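Participant: structure for this input, please:
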Amino acid sequence: MITDTTQFDIKMLAFAYGEPQETAVLKWSPEDFRVEEQIAYELSGEGEHLWLWVEKIGQNTDWVMKQLAAFAGVTSREMGVAGKKDRQAVTYQWMSCHLPGKADPDFSKLAIPGVKVLKAVRHNRKLQTGGLSGNRFELRLTEVQGDKDTIEGRLKTIQSQGVPNYFGEQRFGIEMQNLVQVSRLFSGEIRPKRHQKSLYLSAARSWMFNIELSERIRQGNWNLAIEGDVFQLQGSKKCFVNEVDADIQCRIAELDIHPTGMMTGRGRSLATGQVAALEQKVMADFSAWQQGLEKVGLNQERRALRALPQDLSWQWQGASDLVLTFTLPAGSYATMVVREVVSVAS
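Facilitator: The predicted structure follows:
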């Protein structure tokens, strides 16, 4: 059983464009990391659910949601949130509150440090986990050290080729402890609450995906089609299999489709050949996790190996500050974009 985190380190994962030698500081203050959720539909303006557009600074998403629930006189179960946002950041995100037959609370009277409800809109559905089209980021890198031309060259490469779609450190808890806990869960040593159990299971699948993606980068084919690949359309969750031919390679080069990796679980994988062999090796290396994930009933899914930062731009400010702005699809990590640009100092 895994009892420590020495084998889990984001730094061990391969870099797509070589490990950066330039350095910078990220999150000197919450204002250095801004994120704004995006949804791809209009709210109806009527219905049993009140959607809240919330600004939070230096606060935990779960804690804020509980405070809003208490203010509105509902339970946490009647709240909805698409995803957790960094605490050490300025974030703008939707939260929904189920208020059938009730008047809208006066959120102008809300008094929670670092939290504001900027607007409230009625809608006929609860906000579901993952119910986003993406997130818009504005990041300030401070104390940038190294060659600016090299940094800009990396950014231009990312513009045209994307980045590895790794799960970031946030997925794995403080000091990667969620990965230790999942081993204790599968051995029967602990019986966590439902929410905590879900975090551990997600961490296990995510780390196995990261290992597969890292190996594809080392092989030089993370952004190419190889025998047995399963492909995903850009901007979609839909996957398909196809013979690797010139048309498929062209569509990958044009960023229309992406190779995928496994989000492991029960069921038969769509991957075959060379890709299936790699995934079988990863599952064998984490056999206890694999058996545990199948036992709890999680079905296999696929995740794109590549993420494309949309509308990526950058601006130098002062002698050593670099501001990056870009949009990522829901579930992709801004820190994994930064990782390919500079080495982030503690």
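
Participant: dump the residue contacts of residue 299.
Facilitator: Under the criterion of Cβ atoms under 8 Å, 6 or more residues apart in numbering, the contact list for residue 299 reads 265, 266, 267. For every residue, glycine as well, the C-beta is placed using N, CA and C.

Participant: so how far is residue 149 from the closest residue to residue 233 other than its chain neighbours?
Facilitator: Among residues not flanking residue 233 along the chain, residue 257 sits closest, at 5.7 Å (Cβ to Cβ, 6 or more residues apart in numbering). For residue 257, the distance to residue 149 equals 32 Å [Cβ to Cβ, to the nearest Å].

Participant: who touches residue 232 in this structure?
Facilitator: Residue 232 is in contact with 238, 239, 257, 258, 259, 260, 302, 303, 304, counting by Cβ under 8 Å, 6+ apart.

Participant: try residue 216
Facilitator: Counting by Cβ under 8 Å, 6+ apart, residue 216 touches 222, 259, 261, 278, 305.

Participant: pLDDT below threshold where in the stretch 151-300 of the chain?
Facilitator: By pLDDT under 70, the stretch 151-300 of the chain has no low-scoring segment.

Participant: and the helices in it?
Facilitator: With DSSP state H, counting those that start in this stretch as the criterion, the stretch 151-300 of the chain has helices at 177-186, 194-219, 246-253, 273-285, 287-295.

Participant: buried deepest among the ones you listed, which one?
Facilitator: helix 177-186 (a mean of 21; mean count of other Cβ atoms under 10 Å).

Participant: and the contacts of the longest strand anywhere in the chain?
Facilitator: Ranked by number of residues, the top strand in the chain under DSSP state E is strand 134-145. Among residues not part of strand 134-145, those counted as contacts by Cβ under 8 Å, 6+ apart are 22-26, 28, 31-38, 151, 310, 317, 320-330, 334, 338, 341-342, 345.

Participant: run the chain-centre distance for that strand.
Facilitator: 16 Å (Cα atoms, centre = their mean, to the nearest Å).

Participant: now it: buried residues?
Facilitator: 134, 135, 136, 137, 138, 139, 140, 141, 142, 144 (16 or more other Cβ atoms under 10 Å).

Participant: format those residues as CSV; extra columns: distance to residue 215 and pLDDT.
Facilitator: Formatted as CSV, those follow (distance: Cβ to Cβ, whole Å; pLDDT from 0 to 100):
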residue, distance to residue 215, pLDDT
134, 27, 94
135, 28, 96
136, 31, 97
137, 28, 98
138, 33, 98
139, 28, 97
140, 33, 97
141, 29, 97
142, 34, 96
144, 31, 97
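
Participant: correct me if wrong: the residue nearest to residue 233 contacts residue 229.
Facilitator: No: in this structure, residue 257 is not within contact of residue 229 by Cβ atoms under 8 Å, at 9.7 Å.

Participant: when these two are compared, which one has more neighbours?
Facilitator: residue 229 (27 against 23; other Cβ atoms under 10 Å).

Participant: quick revisit: most neighbours among the contacts of residue 299, please name it.
Facilitator: Tallying neighbours with other Cβ under 10 Å puts residue 265 at the head of the contacts of residue 299, with 17 neighbours.

Participant: ok, that residue - contacts?
Facilitator: Neighbours of residue 265 in contact, by Cβ under 8 Å, 6+ apart: 205, 293, 294, 297, 298, 299, 300, 301.

Participant: count of neighbours near the fourth one?
Facilitator: Read it as residue 297. If we define neighbours as other Cβ under 10 Å, then residue 297 has 8 of them.

Participant: partners of the closest residue to it other than its chain neighbours in the sheet?
Facilitator: Among residues not flanking residue 297 along the chain, residue 266 sits closest, at 6.6 Å (Cβ to Cβ, 6+ apart). Assessed by DSSP bridges, residue 266 has beta-bridge partners residue 299.

Participant: could you chop the chain up by domain?
Facilitator: 10-26+141-307, 41-123 (automatic domain parsing).

Participant: need those domains in a markdown table (columns: distance to residue 129).
Facilitator: Formatted as a markdown table, the domains of the chain follow (distance: least, Cβ to Cβ, whole Å):
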| stretch | distance to residue 129 |
| --- | --- |
| domain 10-26+141-307 | 10 |
| domain 41-123 | 6 |
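
Participant: on that earlier part again, out of the buried residues of strand 134-145, which is nearest to residue 155?
Facilitator: Within these, the smallest distance to residue 155 is 11.2 Å, found for residue 141 (Cβ to Cβ).

Participant: gap between the closest one and residue 16?
Facilitator: For residue 141 relative to residue 16 (Cβ to Cβ), the value is 19 Å.

Participant: return the residue of this protein that is most distant from the centre.
Facilitator: Going by Cα atoms, centre = their mean, the residue of the chain most distant from its centre is residue 101, 35.8 Å out.

Participant: nearest residue to that one in space, please, no chain neighbours.
Facilitator: residue 48 (7.8 Å).

Participant: leaving out the residues flanking it, which one is nearest to residue 107?
Facilitator: residue 117 (3.8 Å).

Participant: is that neighbour located within a strand, as I assumed?
Facilitator: Yes: assessed by DSSP: H, G, I helix; E, B strand; the rest coil, residue 117 belongs to a strand.

Participant: ok, now how distant is it from residue 177?
Facilitator: Remark: distance between residue 117 and residue 177 (Cβ to Cβ) = 33 Å.
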